[in-house]
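**Student:** Sequence first, predicted model second:
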Amino acid sequence: MDATKILLILSFPLLIAAMGISFYNRNQAKEDRLADERAREREIDAERRGSFKEEDFGLLGTGRESQVDSAPPEVAVSGTPSLAPAAGPERRAFLEELEAMREELEATKGELSLMEEERQILDGEFQRQRALQAEVARPGSRLPSFARVTDSDAEWNFVIIDAGTNSGVSRGMTFRIRREGSVVGDLLVREVEPDQAVGELVQGSLQGEFPRPGDEIIVANAG
């Protein structure tokens with residue numbers, strides 16, 4: 001695996017995080033809209049309960065029909081003002097509007113369900129990338145190497161590896177040197193050619209013996 005592909009893998013969590021933020025904002029807007037619609041529905045239900053239509057109060061056949069008929073349109077039988085239309089075209093329009101709002105509410109619930117599934121997929125991928133990044137950072141990482149040390153000198157503090165610009169290596173990159181499953185130190189690239197690069201051991205990173213030919217080169221911790 002060359003350095004470009006490995007670096008792309010390590011940058012993937014940033015993309016996942018950005019998508020997660022976008023998803024959270026969209027999800028929050030949907031939830032706010034759903035809450036508003038639920039509040040409106042409760043308000044409409046309350047208005048319907050306050051209506052003075054005879055069948056709503058069970059007044060038919062009680063002898064009180066005339067009392068309801070003579071009541072002002074804006075006042076319920078109990079004397080409490082009602083915001084819902086009592087009868088006729090206005091009431092039908094009111095009920096149609098309520099039904100349309102309920103259908104829209106159900107559609108919104110469906111959209112939220114799909115968004116939750118999408119969030120779970122993104123979260124799973126994000127966790128997978130984090131695990132991969134942790135594997136890179138772990139001493140003695142089992143990740144495959146993409147180059148090897150071909151020459152080194154402890155006195156002059158230089159290390160030459162057999163990967164260069166053709167493998168995506170560029171000046172200023174930092175790689176990890178591994179030997180027999182254990183990390184030796186970190187290499188900072190100073191000069192790059194098409195098929196090789198020269199670097200120096202990062203101060204304070206040496207663990208044991210100075211790098212030697214045959215040591216493996218892996219990607220350093222992106223964090």
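**Tutor:** Good, I have the coordinates.
**Student:** any idea how far the nearest residue to Ser145 once chain neighbours are set aside is from Asp162?
**Tutor:** In space, and not counting its chain neighbours, Ser145 is closest to Glu216: 3.6 Å by CB to CB, 6 or more residues apart in numbering. (C-beta placed from N, C-alpha, C; glycine too.) Look at Glu216 and Asp162: by CB to CB, to the nearest Å, they are 11 Å apart.
**Student:** higher neighbour count, those two?
**Tutor:** For Glu216 and Asp162, the more surrounded residue by other CB atoms under 10 Å is Glu216, and the numbers stand at 22 against 16.
**Student:** mind listing what the more buried one touches?
**Tutor:** Contacts for Glu216 (CB atoms under 8 Å, 6 or more residues apart in numbering) come out as Ser145, Ala147, Arg148, Val149, Ile177, Arg178, Arg179.
**Student:** Which strands or helices does the top strand by length along the chain pack on?
**Tutor:** Counting residues, the longest strand found in the chain (DSSP state E) is strand 182-192. The contact analysis (3 or more CB pairs under 8 Å, 6 or more residues apart in numbering; DSSP states H and E) places strand 182-192 against strand 174-179, strand 197-201.
**Student:** still on that earlier bit, and the furthest pair within the contacts of Glu216?
**Tutor:** Ala147 and Arg179 (13.6 Å; CB to CB).
**Student:** More neighbours: which of those two?
**Tutor:** Taking other CB under 10 Å, Ala147 and Arg179 do not tie; Ala147 has more neighbours (22 against 18).
**Student:** just checking, that one touches Ile160?
**Tutor:** No. Under the criterion of CB atoms under 8 Å, Ala147 makes no contact with Ile160, lying 10.1 Å away.
**Student:** ok, longest helix in the protein?
**Tutor:** Ranked by residue count under DSSP state H, the longest helix found in the chain is helix 89-137.
**Student:** Tell me which other helices or strands it touches.
**Tutor:** helix 3-49.
**Student:** try it again with 10 Å
**Tutor:** Contacts defined by 3 or more CB pairs under 10 Å, 6 or more residues apart in numbering; DSSP states H and E place helix 89-137 against helix 3-49, strand 216-219.
**Student:** In terms of mean pLDDT, which of these ranks lowest?
**Tutor:** For the helices and strands packed on helix 89-137, mean pLDDT drops lowest on helix 3-49, to a mean of 69.
**Student:** Tell me who's in contact with Ala107.
**Tutor:** With contact set as CB atoms under 10 Å, 6 or more residues apart in numbering, Ala107 has no partners.
**Student:** do you know how far it is from Ser113?
**Tutor:** 11 Å.
**Student:** Look up the pLDDT of Glu116 for me, please.
**Tutor:** So, for Glu116, pLDDT stands at 90.
**Student:** Give the residues shared as contacts by Glu216 and Asp162.
**Tutor:** Looking at what touches both Glu216 and Asp162 (by CB under 10 Å, 6+ apart), the common residues are Phe146, Ala147, Arg148, Val149.
**Student:** where's the third one, which helix or strand?
**Tutor:** In the assignment (DSSP states H and E), Arg148 maps to strand 147-153.
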